[in-house]
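Participant: Please work out how this folds:
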Amino acid sequence: MKMSYREALRAALREAMLADPRVFLMGEDVGKYGGSYAVSKGLLEEFGPERIRDTPLSELGFVGAGIGAAVAGMRPVVEIMTVNFSLLALDQIVNTAATLRHMSGGQFGVPLVIRMATGAGRQLAAQHSHSLEGWYAHIPGIRVLAPATVADARGMLGPALADPDPVLIFEHAQLYNLEEEFDAPPPPACAISGAAVRRAGRDLTLIAYGGCLPKAMQAAAQLAGVGIEAEVLDLRVLRPLDTDAIAASVRRTHRAVVVDEGWRSGSLAAEVVARIMEHAFYDLDAPVARVCSAEVPVPYARHMEQAALPQAEGIAAAARGLMGQA
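Facilitator: I've put the predicted structure just below:
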């Protein structure tokens, strides 16, 4: 049967709530409205308002409440409508959730999951469209996940809830309608500790995550048409980065293009390039290339928005350049 990314997230939430009475969902419009992206649709009717809790428009407040509930023994899933709005809760995430285990000498953990939509491509302009995953991947004390497939959307929540420390899950809004075939029964929980090779190749590696993974796969298909076999590596876990998988792929292919919807300056892509230089420099046959978003607030006009974002054609062009086919 087919399942969408959105349906996979909903199924994972429902399964977690059936399995553990400590699990509850809280956030803006998660109840009667069913979530801004319809992920929680129908869950209020099944689990009631005690476990599907609509919150005021106060990210600082309800993320703090989620932290308190986690410390007190619950397993909250906090939904933030968009990554841009998470900036209102930075103090709670960075100064409290991420640091409490360290500052308590290991006495307390914060088993909290925070989900949020990220990314552009929907003409929602700058205040709803940025990709700030790299900011959070900079912070010790949290795990940062970016499921880019239906299977990962379905399988990552369980292990995230089992983690004794905070886990942030970034769901690219362009993926919610993505569909994949699924065999019954549901797939097992997936690892939340490493990257995954989505396509094998010998000539170069395309490194991507989240909403850029489908574009990297499209670019790989384009490249195959001109005789270039690209390996596609899905980072999946942005903190901690799977340095071994990154280096192993580069050692196989000897070239790399890093794709990141974040801005180039100070980006996660820059960190990946640095790790390649530290761990696989002598395996490279060409400089590492990057394809990132233009360094502007995400535009509203569709043609400008698309021009500002990484696209399959630009990824393929960067790869051809590394292969001397520009």
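Participant: Which strands or helices does the biggest strand by length in the chain pack on?
Facilitator: Longest strand in the chain by number of residues, with DSSP state E as the criterion: strand 256-263. When contacts are defined as 3 or more Cβ pairs under 8 Å, 6 or more residues apart in numbering; DSSP states H and E, strand 256-263 sits against helix 133-137, strand 204-208, helix 268-280, strand 289-293, helix 312-322. C-beta: built from backbone N, CA, C; applies to glycine.
Participant: ok, and what's touching the least confident helix or strand in the chain by mean pLDDT?
Facilitator: None of the helices or strands of the chain scores lower by mean pLDDT, DSSP states H and E than strand 179-181, at a mean of 89. Under the criterion Cβ atoms under 8 Å, 6 or more residues apart in numbering, residues 1-5, 149-151 lie in contact with strand 179-181.
Participant: Just give the closest residue to residue 268, not the sequence neighbours.
Facilitator: Nearest non-adjacent residue to residue 268, counting by Cβ to Cβ, 6 or more residues apart in numbering: residue 134, 3.6 Å away.
Participant: hey, where'd the strands end up in the stretch 51-200 of the chain?
Facilitator: 52-54, 75-80, 113-118, 143-145, 167-172, 179-181, 196-199 (DSSP state E, counting those that start in this stretch).
Participant: Now do the fifth one: which elements does it pack against?
Facilitator: Packing contacts for strand 167-172, counted by 3+ Cβ pairs under 8 Å, 6+ apart, involve strand 113-118, strand 143-145, helix 157-162.
Participant: Which of the ones you listed sits closest to residue 252?
Facilitator: strand 143-145 (25.0 Å; Cβ to Cβ).
Participant: Partner strands of the closest one, with direction?
Facilitator: Using DSSP bridges, the strands paired with strand 143-145 are strand 167-172 (parallel), strand 237-239 (antiparallel).
Participant: Can you give the distance of that strand from its chain's centre?
Facilitator: 7 Å (Cα atoms, centre = their mean, to the nearest Å).
Participant: Tell me which residues of that strand come out buried.
Facilitator: For strand 143-145, the neighbour count (16 or more other Cβ atoms under 10 Å) marks 143-145 as buried.
Participant: related to what we said a few turns ago, indicate which one of the strands of the stretch 51-200 of the chain is closest to residue 97.
Facilitator: The nearest among the strands of the stretch 51-200 of the chain, by Cβ to Cβ, is strand 113-118 at 8.1 Å.
Participant: How much space separates residue 216 from residue 119?
Facilitator: Separation of residue 216 from residue 119 (Cβ to Cβ, to the nearest Å): 14 Å.
Participant: next one: residue 74
Facilitator: Separation of residue 74 from residue 119 (Cβ to Cβ) stands at 29 Å.
Participant: who's more crowded, the two?
Facilitator: Shown here are residue 74 and residue 119; by other Cβ atoms under 10 Å, residue 119 has more neighbours (29 against 16).
Participant: shouldn't that one be in contact with residue 129?
Facilitator: Yes. Residue 119 lies in contact with residue 129 (Cβ atoms under 8 Å); the separation is 7.0 Å.
Participant: Strand partners (parallel or antiparallel) of the longest strand of the chain?
Facilitator: strand 204-208 (parallel), strand 289-293 (parallel).
Participant: Mind putting the ones you listed into CSV with distance to residue 251 and mean neighbour count?
Facilitator: Listed next are the strands paired with strand 256-263 as CSV, based on distance: least, Cβ to Cβ, whole Å; neighbours: other Cβ atoms under 10 Å:
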stretch, distance to residue 251, mean neighbour count
strand 204-208, 10, 29
strand 289-293, 17, 22
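Participant: May I have the phi/psi pair for the residue nearest to residue 94 when sequence neighbours are not counted?
Facilitator: Closest residue in space to residue 94, ignoring its immediate chain neighbours: residue 139 at 5.7 Å, by Cβ to Cβ, 6+ apart. With angles defined as degrees, to the nearest 10, residue 139 sits at phi -100, psi 120.
Participant: count of residues packed around residue 139?
Facilitator: Using other Cβ under 10 Å, residue 139 has 18 neighbouring residues.
Participant: Any stretches of the stretch 101-250 of the chain with poor pLDDT?
Facilitator: 184-189 (pLDDT under 70).
Participant: I figured residue 17 hits residue 47, correct?
Facilitator: Yes. Assessed by Cβ under 8 Å, residue 17 is found in contact with residue 47 at 5.8 Å.
Participant: Touching both of those two, which residues are there?
Facilitator: What both residue 17 and residue 47 touch, as defined by Cβ under 8 Å, 6+ apart, is the set residue 24.
Participant: can you tell which of the strands paired with strand 143-145 is closest to residue 11?
Facilitator: Closest of those to residue 11 is strand 167-172, at 14.1 Å (criterion: Cβ to Cβ).
Participant: follow-up on the earlier one: single out the most deeply packed of the strands paired with strand 143-145.
Facilitator: Comparing these on average neighbours per residue, with mean count of other Cβ atoms under 10 Å, the densest one is strand 167-172 at a mean of 26.
Participant: got the angle between that strand and strand 75-80?
Facilitator: Here strand 167-172 points in a direction 40 degrees away from that of strand 75-80 (axes from the mean of the first three to the mean of the last three Cα atoms, to 10 degrees).
Participant: Cheers, nothing more for now.
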